[in-house]
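K.L.:
Got a sequence here, can you model it:
(one chain, ligands or ions: 1)
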Amino acid sequence: MSIDMSGREVALIGVPTDVGASDRGASMGPEALRVAGLRERLQAHGLVVHDRGNLSGPANPWLPPVEGYRHLAEVAEWNRKAHEAVHAELTAGRLPIMLGGDHCLGIGSISAVARHCRETGRKLRVLWLDAHADFNTSAITPTGNIHGMPVACLCGFGPAELTGIGGQVPAISPKWIRQIGIRSVDAGEKRFVHEHDLEVFDMRFIDEMGMRHAMELALATLDERTHLHVSFDVDFLDPDIAPGVGTTVPGGPTYREAQLCMEMIADTGRLGSLDIVELNPACDVRNRTAALAVDLVESLFGKSTLMRKSSRG
Ligand SMILES: [Mn+2]
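P.N.:
Below is the predicted model of the structure:
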């Protein structure tokens with residue numbers, strides 16, 4: 001049964017950078033989401049939306065990796081800023097929606113959520129919706145792109161400039177993460193995922209068991225003290241419906257599977273923060289991927305396409 005979120009205050013935080021990515025263009029993501037009507041669509045559901053505009057930070061120098069990391073100083077600076085902005089909104093009781101930007105920004109955002117949970121005595125569950133596990137380290141990365149490393153950094157595996165953002169290393173435990181939609185994992189990364197027992201609902205699992213069962217397991221054991229964070233990498237979606245990402249991987253969730261995923265998260269009533277990352281308008285077709293992302297975020301906030309009666313009647 002969907003939960004009434006009307007009156008809830010949310011804050012949009014644009015973080016327009018692609019310093020962690022393998023392709024340029026995710027820096028245009030925040031504006032594409034605004035153009036697709038994110039604010040208006042959330043307001044139509046009764047949410048009180050504060051658009052904080054965009055953070056500013058260093059330009060993308062577009063240089064090769066150094067010692068296994070590309071643009072480490074720039075990635076660290078953007079993440080420190082994202083961390084502070086997300087943490088400030090949580091402290092003020094608002095639900096932050098970080099508009100990326102590439103997925104390296106999950107380090108700043110989720111370390112802020114973890115810090116907030118420590119300060120308020122809450123448990124944290126992170127749903128990582130992505131085609132990739134993002135669990136690379138400098139030793140195993142084939143590219144040095146830090147957008148492939150945020151989960152590892154959050155779990156304490158990475159450079160001090162990134163693992164230390166938020167004041168506690170590791171920021172989170174691998175046990176708090178559920179990954180959904182995974183279908184592209186590098187060889188060394190796969191071993192590392194197994195070593196640390198990440199709970200992964202990959203596309204094979206979803207094919208065989210269905211999105212419903214995957215989400216039931218991913219959302220099991222939440223309680224009223226659990227803060228639920230969703231890190232939504234737009235490349236989670238099948239590229240047939242979502243071409244506007246730099247790193248498309250075929251075989252992702254369909255429109256209906258993605259809707260069900262979002263609706264089941266909404267039904268828990270526990271959503272406390274959200275990242276929307278890796279939307280790349282340079283790869284998109286007439287902003288359709290941004291429009292789809294906004295559509296799915298509406299479902300995440302309780303728009304039901306079903307004929308079922310909700311608490312709002
Ligand atoms: Mn990702």
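
K.L.:
near the ion, which residues of this protein show up?
P.N.:
His103, Asp130, Asp134, Asp233 (C-beta under 5 Å from the ion). Heads up, the C-betas are built off the backbone N, CA and C, glycines and all.

K.L.:
Okay, helices next: where are they in the chain?
P.N.:
For the chain, applying DSSP state H gives helices covering 29-35, 38-43, 72-91, 106-120, 150-154, 160-163, 187-195, 203-218, 255-268, 288-300.

K.L.:
List the beta-bridge partners for the residue nearest the centre of the chain.
P.N.:
To find the centre residue of the chain, average its C-alpha atoms and take the closest one (C-alpha atoms, centre = their mean): that gives Ser231, at 1.8 Å. Here Ser231 sits in beta bridges with Trp128, Asp275, as judged by DSSP bridges.

K.L.:
That one: what's it in contact with?
P.N.:
Contacts for Ser231 (C-beta atoms under 8 Å, 6 or more residues apart in numbering) come out as His103, Gly106, Ser109, Ile110, Val126, Leu127, Trp128, Leu129, Asp130, Leu274, Asp275, Val277.

K.L.:
okay if I get those as JSON lines plus distance to Arg70?
P.N.:
Shown next, in JSON lines, are the contacts of Ser231 (distance: C-beta to C-beta, whole Å):
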{"residue": "His103", "distance to Arg70": "14"}
{"residue": "Gly106", "distance to Arg70": "16"}
{"residue": "Ser109", "distance to Arg70": "20"}
{"residue": "Ile110", "distance to Arg70": "21"}
{"residue": "Val126", "distance to Arg70": "24"}
{"residue": "Leu127", "distance to Arg70": "27"}
{"residue": "Trp128", "distance to Arg70": "21"}
{"residue": "Leu129", "distance to Arg70": "24"}
{"residue": "Asp130", "distance to Arg70": "19"}
{"residue": "Leu274", "distance to Arg70": "26"}
{"residue": "Asp275", "distance to Arg70": "20"}
{"residue": "Val277", "distance to Arg70": "17"}
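
K.L.:
Out of those, which comes closest to Lys81?
P.N.:
Proximity of those to Lys81, judged by C-beta to C-beta, is greatest for Ser109, which lies at 10.8 Å.

K.L.:
what number of residues lie near the closest one?
P.N.:
Counted with other C-beta atoms under 10 Å, the burial measure for Ser109 works out to 31 neighbours.
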